[in-house]
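Student: Give me coordinates for this.
(2 chains)
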Amino acid sequence: MSTLKVNAINAATSGQAVAVDISNPRSFRNLIINGSYQINQRGNLTGIGGDSVYTLDRWLFGRENGSNSTRWSISQTTLAKTDLPYTAGHRNCMKLDCTTSSSNSGSNDTSYITQRIEGFNCSHLDWGNSGAKTLTLSFYAKTDGSTGVMCLSAFASKHYIKEVTLSNSWQKFTVEIDGNTADEIPHSNAQGLQLMFVLHSGSDHEASAGSWEAGFKASTSNQVNFGSSTSNNIYIAGVQLEVGSYATDFEHRTYGDELARCQRYYQAQTDYHHICVNNGESDRWIRFMKPMRAAPTVTTSPTNSVSFAAQNQQKEGFAGNGSGGGSANFNLEWTASAEL
Amino acid sequence: MPYTTYKQYKLRDGTLVTDSIKVPKTSDHHDIYIPFVADNTDYQEYLKWVAEGNTADAAD
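Tutor: Sure thing, here's the model as predicted:
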């Protein structure tokens, strides 16, 4: 066995020092699930804005208070070969298309795209202690319309805001988030850390950037109202949140691995599940493809005028009881949501 | 599926702890069944809705 001993490792072209962090593992480092927007089990959505709604897997359109009439279409969009994220191996992005604009943002009104990260996945951040680890967020973004400041807000008991400036061209942004030494993240299946991309924000939710602030604080006063014009389309791609002060290359996971991670929070049986009725009896135990974060909310959509009620939901599956369809066999579509 | 509070809840059969709260089908969604489970976020929203003084419709 030989030992390599060097004082520095520099990039071949720039000559800059290359960070080599042996203690920070390269695998499983991205805290974000579906950061490459490959998975879209719910399909593209339109008319979003009245309520908080889950969109592409793990990504929630969030809404706080207010009565803003802005509406959005949110879709999984294919990147062109000439797009900057494409050159980094990404093929999809999230597109937010403002379909109904409103220039009036109430003082307590805020909307954002967010991912809520489970507490079990945050324990290694060691937040709430003096050794709380710094995080680095990297992502690509651009806008077709209004340019200017979009704020990012991390939330774990308190909010921490950073600004980036969107232009009409794809840019890669890197943002550092100080570790939160004051507030511990519970080691549980509840929400641990939340990352928000702010679309517009009222003055009640403004704070300074770069420090942990109590209360719901989404943006600085520089935040652009991206819902002010239907010409505004915002694109986000390649989101990675990792421990340390250095943005590594995006961790490309397999499609199957990413889908399995998403299914802890949402699953859908979109090909019909055939239910045979025997002597008028159609009770079934339907097992999920993967155990979920918590006993989920279930939707059922049976054919043949049957009502198929879900009950006794568990992390592993649910019991169903059909009625009203007589003796005819029927098909069933279902979804299960255990989102944060 | 909406994350926030639904406009109408209905007890499917409120006597069983393993039962679900039903959100009847509308033009926006199919029948929805929310379990009585503390770490289900829809159930948490339902509890907030009840705490605001609302009451679910009785079971059929």
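Student: show me what contacts the residue lying closest to residue A:170 once chain neighbours are set aside?
Tutor: Nearest residue to residue A:170, sequence neighbours excluded (CB to CB, 6 or more residues apart in numbering or on different chains): residue A:84, at 3.8 Å. The C-beta positions use only the backbone N, C-alpha and C, and glycine is treated the same way. Applying CB atoms under 8 Å, 6 or more residues apart in numbering or on different chains to residue A:84 gives the contacts A:140, A:169-172.
Student: mind checking pLDDT for residue A:84?
Tutor: For residue A:84, the model assigns a pLDDT of 98.
Student: How about the one 10 residues further on?
Tutor: At residue A:94, the predicted lDDT confidence score is 98.
Student: Pull up the gap between it and chain B, please.
Tutor: 17 Å (CB to the nearest CB, to the nearest Å).
Student: Give me the distance from the helix or strand containing that residue to the chain's centre.
Tutor: Counting by DSSP states H and E, the element that carries residue A:94 is strand A:92-100. On the basis of CA atoms, centre = their mean, to the nearest Å, strand A:92-100 sits 15 Å off its chain's mean C-alpha point.
Student: now for it, which elements pack on it?
Tutor: The elements that strand A:92-100 packs onto, with contact taken as 3 or more CB pairs under 8 Å, 6 or more residues apart in numbering or on different chains; DSSP states H and E, are strand A:71-78, strand A:233-243.
Student: Just the mean pLDDT for the helix ranked longest in chain A, thanks.
Tutor: Across chain A, the longest stretch assigned as helix under DSSP state H is helix A:255-263. Taken as a whole, helix A:255-263 has an average pLDDT of 97.
Student: how about that helix against chain B, any contact?
Tutor: No - on the criterion CB under 8 Å from any CB of the partner chain, helix A:255-263 is out of touch with chain B, staying 14.6 Å away.
Student: and that helix, which residues are buried?
Tutor: A:258-259, A:261-263 (16 or more other CB atoms under 10 Å in any protein chain shown).
Student: For it, what is the distance to the chain centroid?
Tutor: Centroid separation for helix A:255-263 versus its chain: 13 Å, with CA atoms, centre = their mean.
Student: go on, stretch A:263-273?
Tutor: The answer for stretch A:263-273 is 18 Å, by CA atoms, centre = their mean.
Student: If you count neighbours, what's buried in that stretch?
Tutor: Buried, per 16+ other CB under 10 Å, within stretch A:263-273: A:263-269, A:273.
Student: How about stretch B:30-42?
Tutor: In stretch B:30-42, counting by 16+ other CB under 10 Å, buried: B:30-37, B:39-42.
Student: Find the nearest non-adjacent residue to residue A:268, please.
Tutor: Closest to residue A:268 by CB to CB, 6+ apart is residue A:335, at 4.5 Å.
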